[in-house]
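Participant: Provide a 3D model corresponding to the input given below.
(chains A, B, C and D)
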2 protein chains.
Amino acid sequence: MTQEPLSLNVFRRELGLSMQGLARQMYRDNAARFKVQKEGVAVRNLSNILDATLTLANRKGFSAMSLRDLSEKTGMSLGGLYAYIGSKDDLVELIQGLGIETTERVMQEQTAGIADPVERLRHAIRVHLFLSEILRAWFYFSYMEARHLGAQQKQRAVAAELHTETLYREIIEAGQRAGQYRETDPLMAAAMLKALLQDWYVKRNKFRDRNVDVEQYAESVIELMESYLKDE
Amino acid sequence: MTQEPLSLNVFRRELGLSMQGLARQMYRDNAARFKVQKEGVAVRNLSNILDATLTLANRKGFSAMSLRDLSEKTGMSLGGLYAYIGSKDDLVELIQGLGIETTERVMQEQTAGIADPVERLRHAIRVHLFLSEILRAWFYFSYMEARHLGAQQKQRAVAAELHTETLYREIIEAGQRAGQYRETDPLMAAAMLKALLQDWYVKRNKFRDRNVDVEQYAESVIELMESYLKDE
DNA sequence: GTCTATATAGGGATAGAC
DNA sequence: GTCTATCCCTATATAGAC
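Facilitator: Predicted coordinates for the structure are as follows:
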């Protein structure tokens, strides 16, 4: 009996992520940072700011996006924005930090319960792609702006990248120990897999133009990786 | 009798690309743009400007790089720079334009002479990776700065991306017609291959830290793609 | 809690001396 | 052909009114 593969909609419903929810978590995680006390007001504005920042920065780059752009897009004044951010660079940190935490948490939760390595790898691929589809703007932002971060934050981004890759490497190694995969360099396999996962959100528009949805893409990546990993 | 696979050093020697050579071609292609008449002087300075721009822009992003940064790095004055560029944005166009042309020309030259699709695909993968290794700074720059371009230039970048992908797709289709590859979606296969090729220059430092060189990477990508494309 | 008005610095670009 | 000096604008950030 083969399990029905995870679908995007099921995953989305289960996960229940929203910009409002992310803004709320961001507010609570960094309460000391914000001048605004009332959570309701703060979350609403923060959500607006996040949304606008991701849109503008993903269009023309974070450093090319001015706070005047952001002020116009959010409908808030320049002064008003500074009740939520200490500086422009704060914004990058906030967005990146929450994105990394959310990704690691979701990937951990989702892959922990599956014993069979082959099934676990399939599931991990689908979950990662679906999550990047739902949080497309966050993933794209983190990918593109990582190199503009300060040394400390950059280190964090590199660590997060490695963390994800390690997750895949360990699943592949488990599959090899179980005799389900042949003996090939698991780190290289994980690196190539990661490249394929990233391409989904980096080239999102290309795939849209071709009517390739994320579920089809997931199956293609799984097929490619399995033909490589399995014995001939 | 199997042919010895192309090595990076052989390719590099054959190709003979240098920053000076690229600067010279850029000068001749855009003679009207430059105020400086003496080719020797112009090429030397242009080469310096290109080198510095790629270094600075790849470190912190083109839009975050100021012309004052560039002036300091090149040792030229602000006014002096303007003998070579009409505006800061000119620089992006120049670099991108020559990069695209060089890539398309080299790929065309190198893949035209090989009749067997399987061998042609292998060769195309190696050539693309080796070229991106040699022109790493150009490839990285084009990849990262493409979205900051004006509409016209952006279109050009997208067209170039498509052009490369089409090259791979056509080789795969030829292999399918010859019965060497199984029937799988050739466009999707080409897209995934392209993602793997791009990852080499985007994550160059990661691979260096792992002592993975471009020749090893090429063989891994070839092995992965062939296990997917060939009959079981 | 949010606004307007403004301080201060740094950006791209140019004029004109040499 | 290259430099110095400077123009003018836009950037981030803050002060203080409401």
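Participant: Now do the residue nearest in space to the middle of chain A against DNA strand D, distance only.
Facilitator: Residue closest to the mean C-alpha point of chain A, counted by CA atoms, centre = their mean, is residue A:139 at 4.2 Å. Going from residue A:139 to DNA strand D by CB to the nearest atom of the strand, to the nearest Å gives 23 Å. Quick note: C-beta positions are derived from backbone N, CA and C, even for glycine.
Participant: Just confirm that residue contacts residue A:128, I think it does.
Facilitator: No - at 9.7 Å, residue A:139 and residue A:128 do not qualify as touching, with contact defined as CB atoms under 8 Å.
Participant: any chance you could read off phi and psi for residue A:175?
Facilitator: Main-chain dihedrals, residue A:175, degrees, to the nearest 10: phi -60, psi -30.
Participant: just residue A:185 next, same as before
Facilitator: With angles defined as degrees, to the nearest 10, residue A:185 sits at phi -60, psi 110.
Participant: now it, nearest residue through space, not along the chain?
Facilitator: Using CB to CB, 6 or more residues apart in numbering or on different chains and skipping residues adjacent in sequence, the residue nearest residue A:185 is residue B:220, 7.5 Å away.
Participant: Tell me, what's the model's pLDDT at residue A:147?
Facilitator: Per-residue confidence (pLDDT) for residue A:147: 86.
Participant: before we move on, the earlier item: can you read off the pLDDT for the residue nearest to the centre of chain A?
Facilitator: 98.
Participant: which parts of chain A sit against DNA strand D?
Facilitator: Applying CB under 7 Å from any atom of the strand, one finds that chain A approaches DNA strand D through A:65, A:66, A:67, A:68, A:69, A:78, A:79, A:82, A:86, A:87, A:88, A:89.
Participant: of these, closest to DNA strand C?
Facilitator: Checking the residues of chain A next to DNA strand D against DNA strand C by CB to the nearest atom of the strand gives residue A:79 as the nearest, at 2.4 Å.
Participant: what are the ranges of the helices in chain A?
Facilitator: When assigned using DSSP state H, the helices of chain A occupy the ranges A:8-15, A:19-29, A:39-60, A:67-74, A:78-81, A:88-112, A:117-134, A:136-145, A:151-177, A:186-202, A:204-209, A:214-229.
Participant: Throw those into JSON lines and include distance to DNA strand C, thanks.
Facilitator: Converted to JSON lines, those look like this (distance: least, CB to the nearest atom of the strand, whole Å):
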{"stretch": "helix A:8-15", "distance to DNA strand C": "29"}
{"stretch": "helix A:19-29", "distance to DNA strand C": "11"}
{"stretch": "helix A:39-60", "distance to DNA strand C": "5"}
{"stretch": "helix A:67-74", "distance to DNA strand C": "8"}
{"stretch": "helix A:78-81", "distance to DNA strand C": "2"}
{"stretch": "helix A:88-112", "distance to DNA strand C": "13"}
{"stretch": "helix A:117-134", "distance to DNA strand C": "28"}
{"stretch": "helix A:136-145", "distance to DNA strand C": "18"}
{"stretch": "helix A:151-177", "distance to DNA strand C": "19"}
{"stretch": "helix A:186-202", "distance to DNA strand C": "26"}
{"stretch": "helix A:204-209", "distance to DNA strand C": "28"}
{"stretch": "helix A:214-229", "distance to DNA strand C": "36"}
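Participant: Rebuild these as CSV, extending it with distance to residue B:208.
Facilitator: Below are these laid out as CSV (distance: least, CB to CB, whole Å):
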stretch, distance to residue B:208
helix A:8-15, 36
helix A:19-29, 35
helix A:39-60, 29
helix A:67-74, 37
helix A:78-81, 40
helix A:88-112, 24
helix A:117-134, 25
helix A:136-145, 20
helix A:151-177, 13
helix A:186-202, 13
helix A:204-209, 29
helix A:214-229, 24
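Participant: What parts of chain A come near chain B?
Facilitator: Residues of chain A lying close to chain B by CB under 8 Å from any CB of the partner chain are A:59-61, A:63-64, A:144, A:147-148, A:161, A:185, A:187-188, A:191-192, A:194-196, A:198-199, A:203, A:206-207, A:210, A:212, A:220-221, A:223-224, A:227-228, A:232.
Participant: Selection in PyMOL covering whichever of those residues are buried, please.
Facilitator: To isolate the buried members of those in PyMOL, using 16 or more other CB atoms under 10 Å in any protein chain shown:
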select buried, chain A and resi 61+63+64+144+148+161+188+191+192+194+195+196+198+199+203+206+207+212+220+221+224+227+228
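Participant: any low-confidence regions in chain A?
Facilitator: Across chain A, the ranges flagged by pLDDT under 70 are A:1-3, A:232.
Participant: Okay, buried residues for stretch A:4-12 please.
Facilitator: Applying 16+ other CB under 10 Å to stretch A:4-12 flags A:6, A:8, A:11 as buried.
Participant: First-to-last residue distance for it?
Facilitator: 16 Å (CA to CA, to the nearest Å).
Participant: Equivalent analysis for stretch A:57-64, please.
Facilitator: 8 Å.
Participant: ditto for stretch A:191-210
Facilitator: Taking CA to CA, stretch A:191-210 runs 26 Å from one end to the other.
Participant: any idea how far that stretch is from the chain center?
Facilitator: 13 Å (CA atoms, centre = their mean, to the nearest Å).
Participant: returning to what we had before: just the buried residues of the residues of chain A next to DNA strand D.
Facilitator: A:65, A:69, A:88.
Participant: Name the nearest of these relative to chain B.
Facilitator: Each of these was checked against chain B using CB to the nearest CB; the closest is residue A:65, at 9.4 Å.
Participant: Verify the contact between residue A:107 and residue A:164 for me.
Facilitator: Yes - using CB under 8 Å, residue A:107 makes contact with residue A:164 at a distance of 6.9 Å.
Participant: Return every residue with contacts to both of the two.
Facilitator: Counting by CB atoms under 8 Å, 6 or more residues apart in numbering or on different chains, the residues touching both residue A:107 and residue A:164 are residue A:128.
Participant: ok, back up a step: mind putting the buried ones among the residues of chain A next to DNA strand D into TSV with distance to residue A:117?
Facilitator: Listed next are these as TSV, based on distance: CB to CB, whole Å:
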residue	distance to residue A:117
A:65	43
A:69	47
A:88	44
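Participant: that older thread, list the residues that contact the residue nearest to residue A:185.
Facilitator: Residues counted as contacts of residue B:220 (CB under 8 Å, 6+ apart) are A:185, A:188, A:192.
Participant: Kind regards, and thank you for your time.
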